[in-house]
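Peer 1: Here is a sequence together with a model predicted from it:
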Amino acid sequence: MRVESATPVDLPVVRAAYADARTTQREQNAIVWPEFTDAAILSEIEAGNLFRIVDADSTAGVFTVAYEDAAIWGEQERGAHIYLHRLARVSGYRGGLVDAVLMWARAQCRRLGRAGIRIDTWASNTALVAYYQRCGFELMGQRRLARNPGLPPHYYDGIELALLEQRCGGDAESNP
């Protein structure tokens with residue numbers, strides 16, 4: 001498996017992965033991501049922040065990356081981490097997706113001298129929080145978000161997030 005930058009040609013598979021994620025969220029009675037517009041997806045592609053996980057010649061999943069995230073991490077944001085968002089697998093694909101993303105993110109951490117990887121998820125999704133902990137993430141706390149026009153609407157209404165971090169051994173320190 002490998003990670004590649006998404007291109008505009010990948011728009012249909014990105015949309016399909018997000019649709020599959022929304023289906024899973026509904027089945028789990030979880031908070032459901034909104035429908036992301038083509039313009040928003042293409043903007044992330046143009047910025048170089050949307051990636052595909054490729055197995056053989058097929059897209060297995062997608063994710064986005066950010067290099068700062070004060071809207072979610074608040075005063076804990078120090079510009080020293082890589083933030084992973086919207087990890088979604090294509091329907092029917094099983095296994096290895098998160099491992100591939102984390103291997104890529106750790107390599108990015110080392111290359112950029114970042115302290116670690118951060119990820120957030122709904123605090124109520126205890127199974128996913130536990131999964132990320134098994135992947136080596138430490139639960140750094142929870143944060144209830146106030147309405148913020150800088151965030152998509154699915155973060156509104158006092159959503160509480162679990163904030164997770166994994167150190168990468170970069171030059172920066174992850175603790176103040």
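Peer 2: Yes, it's here.
Peer 1: quick one: buried residues of the helix or strand encompassing I41?
Peer 2: Using DSSP states H and E, I41 falls within helix 38-46. By neighbour count with 16 or more other C-beta atoms under 10 Å, helix 38-46 contains the buried residues 41-42, 44-45. (C-beta placed from N, C-alpha, C; glycine too.)
Peer 1: Average pLDDT for it, rounded please.
Peer 2: Helix 38-46 carries an average pLDDT of 94.
Peer 1: C-terminal to it, what's the next element?
Peer 2: Defined by DSSP H and E, the subsequent element after helix 38-46 is strand 50-55.
Peer 1: And the nearest residue to E44 once chain neighbours are set aside, how close does it get to V13?
Peer 2: Spatial nearest neighbour of E44, excluding adjacent residues (C-beta to C-beta, 6 or more residues apart in numbering): L50 at 4.2 Å. With the distance defined as C-beta to C-beta, to the nearest Å, L50 ends up 11 Å from V13.
Peer 1: higher neighbour count, those two?
Peer 2: L50 (23 against 17; other C-beta atoms under 10 Å).
Peer 1: Y93 belongs to a helix, doesn't it?
Peer 2: No - counting by DSSP: H, G, I helix; E, B strand; the rest coil, Y93 is not found in a helix; it is coil.
Peer 1: how close does it get to D120?
Peer 2: Y93 is 23 Å from D120, by C-beta to C-beta.
Peer 1: the helices in the protein, which residues?
Peer 2: Ranges of helices within the chain are 11-27, 38-46, 70-73, 97-112, 126-134, based on DSSP state H.
Peer 1: picking up where we left off before, who are the packing partners of the helix holding I41?
Peer 2: helix 11-27 (3 or more C-beta pairs under 8 Å, 6 or more residues apart in numbering; DSSP states H and E).
Peer 1: The helix it packs on - what's its average pLDDT?
Peer 2: Mean predicted confidence for helix 11-27 is 91.
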